[in-house]
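Visitor: Quick one, what's the 3D model for this:
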Amino acid sequence: MDFLMGDLTAVVPSGIIQAPLEGNMTGSTRTLHPYIEKRQGYRRGRAILKGTNFPVSSVVVYVLHQGMSPEELVRIFGHLTLAQVYDALSYYYDHQPQLDAEIKKNLGEDRLATRLAALGKVLRLRYDPHSGDFLLGGEEEIGPNLTP
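Guide: Numbering: from 1, shown residues only. Coordinates of the predicted model:
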């Protein structure tokens, strides 16, 4: 039995929920991800697991890059569920180019921060509310009250 909710079409027997793609292309659908949310101005607009502060990109790094099983991830991060983790992986495959770019950017920032800490410096960032991103504010020496 099919039913219509706004502009979302749900196919009940198979449990598959589908929605038309932007542009209303005939026969095209996109997958809904009930455990994923993105909010403007929150976590730089990154996709996170709903009800948490845990980025989808972190799930991808732990599971696909570091080889952690979804069950192990849930055991370590007790506030996560298997449904959230598997939905995050599904979301990743639906948005792989964007998430790969986010992961690459984050890993680059981590490497830069590590290099600067080894030099006794800390990276200063400033938040730009217009872009929703952090901008490079310069470097400063690590003083007695600052740690990397």
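Visitor: per the record, what domains does this protein have?
Guide: 1-32, 108-141 (automatic domain parsing).
Visitor: Among those, show the one with the smallest mean pLDDT.
Guide: Mean pLDDT is lowest for domain 1-32 among those, at a mean of 44.
Visitor: ranges for the strands of the chain?
Guide: Ranges of strands in the chain, per DSSP state E, are 2-5, 8-11, 16-20, 29-31, 36-37, 48-49, 121-128, 133-141.
Visitor: how many neighbours does Leu73 have?
Guide: Neighbours of Leu73 under the rule other C-beta atoms under 10 Å: 20. In short, each C-beta sits where N, CA and C put it, glycine included.
Visitor: Do I have it right that it meets Val59?
Guide: Yes. In this structure Leu73 lies within contact range of Val59 using C-beta atoms under 8 Å: 6.9 Å.
Visitor: Overlap in contacts, those two.
Guide: Val85 (C-beta atoms under 8 Å, 6 or more residues apart in numbering).
Visitor: residue contacts, Phe54?
Guide: Applying C-beta under 8 Å, 6+ apart, the residues near Phe54 are Ile48, Phe77, His79, Leu80, Gln84.
Visitor: Show residues contacting stretch 60-74.
Guide: Contact with stretch 60-74 is made by Val59, Ile76, Leu80, Thr81, Leu82, Val85, Tyr86, Ala88, Leu89, Tyr92, Leu99, Ile103, as judged by C-beta under 8 Å, 6+ apart.
Visitor: Sorry, wrong one. I was asking about stretch 98-111.
Guide: Arg46, Ala47, Val56, Ser57, Val60, Val61, His65, Tyr91, Tyr92.
Visitor: Sort out which of those residues are buried, if you could.
Guide: By neighbour count, with 16 or more other C-beta atoms under 10 Å, these hold Arg46, Ala47, Val56, Ser57, Val60, Val61, Tyr91, Tyr92 as buried.
Visitor: What ranges does this protein have for its helices?
Guide: Shown for the chain, the helices assigned by DSSP state H span residues 56-60, 70-76, 82-94, 96-118.
Visitor: Tell me which of the ones you listed sits nearest to Leu32.
Guide: Between Leu32 and those, the shortest separation by C-beta to C-beta is 9.6 Å, and it involves helix 82-94.
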